[in-house]
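K.L.:
Below are the sequence and a predicted model for it; my questions follow.
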Amino acid sequence: MPQWLEVALRTFSALVVLFIITRFILGKRQITQLTYFEYITGITIGSIAAFISLHPDQNWMYGLVALLVWAIVMAGIEYFSLKSKRLRSLVEGKGTVLIKDGKIMEENMAKVRYTSEDLLEQLRKKNAFQAADVEFAVLETSGDLSVLMKPNKQPITPAHLGLRLPNQVEPQAVIMDGELITEGLATLGLSPGWLKTELDKQGILQENVYLAQANQYGELYVDLYDDQLKVPSPSARPLLQATLKKCQADLELFALSTQDQKAKNLYANCADQMRQVMEDMEPLLTTS
C-alpha cells in the first residue's frame, strides 16, 4: 500500500474515533464550558490522533488503545462526578464571588488572577457599565461572569407593574421550504384548512413560502422566496383591540343618545364592563 494512502486511511480512522469519543463524552458543551480535565483530555486525544495519522511506521493499534483508555477514564470521571459532589467540586471547581453586597472582593479577584480591567470588561458584557450598580457577581467555573444588579437598577418587568401575562407557547413552524409541517399546526391546535385560509387572505401560494410560523394567538408570519414581495404583518390582535374599542365607544354613544333612563343605565354599565375587559386584555393584545 502506498504510504500516502496509508496516512489517509489512518487519518480517517483516527478522525472517526475522535469524533465518537468527543461526541459522546463532551456532548453539546461549548469550549468555554469545559472543565480543566476535559480541556486537558481534549488536547491529549488530539495529540494522540495526530500521532496515529503522521507516524505510519508505528503500530496504529497502540494509538487507538491510548484513545480508548482516555475515553474510558473521562467517562468514568463524568459518571462518578454525577454521584459525588466532592469529586465534582474537585474536577470542575467552584464559582468565585467577585462582588458581594455591592463590594468588590479584592482577595477573590487575586485568587482567580482577575484585574479590575477584566472585571469591568465582563460587567460591560452583562450591560453593567458601573460597578456601583452591581449587587452580586460570581465567576463561574466555565469562566463566565454571572451578575445580579441592584434592585433599583433592574429592568421593570410586568410583575413589577402588577400585570398578569398569559403563558407563552413556543411559535411553531408550519411551512418550511414550501412543505407543510403538520406537527407544528397540531401543537397549536390549528388545521391545514386554517393555514390555507390565512395564505389565501394574503394571496400567497404555499409553494412560494420559504418559512411560515404561527403563534398561540393565531397570527401567521410568512417569509417568501422572493424577497422583493412584501408580506403584511400579523394583524389579528390589533384588529381585535380596535373592535373592542369601537364596541365600547358605541355603547357610550347609545347611553348618551337614549332618553330611556333604564336603557341609559344598561348601556352605561355595559360600556364600563367593556372598558374593564379591555383593561384586563391589554397585556395580551399589546404583547408583541
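P.N.:
Here it is on my side, so go on. Numbers count the residues shown, from 1 in each chain.
K.L.:
what helices or strands is the lengthiest helix in the chain leaning on?
P.N.:
As assigned by DSSP state H, the longest helix anywhere in the chain is helix 261-286. In terms of contacts (3 or more Cβ pairs under 8 Å, 6 or more residues apart in numbering; DSSP states H and E), helix 261-286 is packed against helix 236-257. Backbone N, C-alpha and C define where each C-beta goes, glycine included.
K.L.:
what about dumping the CA coordinates of the helix it packs on to PDB?
P.N.:
Extracted in PDB, the C-alpha atoms of helix 236-257 (Å, rounded to 0.1, in the frame of the first residue of the first chain):
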ATOM      1  CA  ALA A 236     -55.200  39.700  14.400                       C
ATOM      2  CA  ARG A 237     -54.600  41.300  17.800                       C
ATOM      3  CA  PRO A 238     -54.600  45.000  16.600                       C
ATOM      4  CA  LEU A 239     -57.900  44.300  14.800                       C
ATOM      5  CA  LEU A 240     -59.400  42.700  17.900                       C
ATOM      6  CA  GLN A 241     -58.300  45.600  20.100                       C
ATOM      7  CA  ALA A 242     -59.800  48.100  17.600                       C
ATOM      8  CA  THR A 243     -63.100  46.200  17.500                       C
ATOM      9  CA  LEU A 244     -63.300  46.200  21.300                       C
ATOM     10  CA  LYS A 245     -62.700  49.900  21.400                       C
ATOM     11  CA  LYS A 246     -65.400  50.500  18.800                       C
ATOM     12  CA  CYS A 247     -67.900  48.400  20.800                       C
ATOM     13  CA  GLN A 248     -67.100  50.300  24.000                       C
ATOM     14  CA  ALA A 249     -67.500  53.700  22.100                       C
ATOM     15  CA  ASP A 250     -70.800  52.600  20.600                       C
ATOM     16  CA  LEU A 251     -72.200  51.600  24.000                       C
ATOM     17  CA  GLU A 252     -71.200  55.000  25.400                       C
ATOM     18  CA  LEU A 253     -72.900  56.700  22.400                       C
ATOM     19  CA  PHE A 254     -76.100  54.700  22.900                       C
ATOM     20  CA  ALA A 255     -76.100  55.700  26.600                       C
ATOM     21  CA  LEU A 256     -75.900  59.300  25.600                       C
ATOM     22  CA  SER A 257     -78.400  59.200  22.800                       C
END
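K.L.:
where's E117 relative to R124, distance?
P.N.:
For E117, the distance to R124 (Cβ to Cβ, to the nearest Å) stands at 11 Å.
K.L.:
What strand or helix carries the residue positioned nearest the centre of the chain?
P.N.:
The chain has E170 as the residue nearest its centroid, 11.2 Å off, counting by Cα atoms, centre = their mean. For E170, there is no helix or strand it lies in under DSSP states H and E.
K.L.:
So what does it have for phi and psi?
P.N.:
phi -60, psi 130 (degrees, to the nearest 10).
K.L.:
Repeat that for D226.
P.N.:
According to degrees, to the nearest 10, the main-chain angles of D226 amount to phi -80, psi 110.
K.L.:
how long is stretch 94-110 end to end?
P.N.:
End-to-end distance of stretch 94-110 (Cα to Cα, to the nearest Å): 16 Å.
K.L.:
That stretch - what's its average pLDDT?
P.N.:
Averaging pLDDT along stretch 94-110 yields 91.
K.L.:
ok, back up a step: neighbour count winner among E117 and R124?
P.N.:
Taking other Cβ atoms under 10 Å, E117 and R124 do not tie; R124 has more neighbours (11 against 8).
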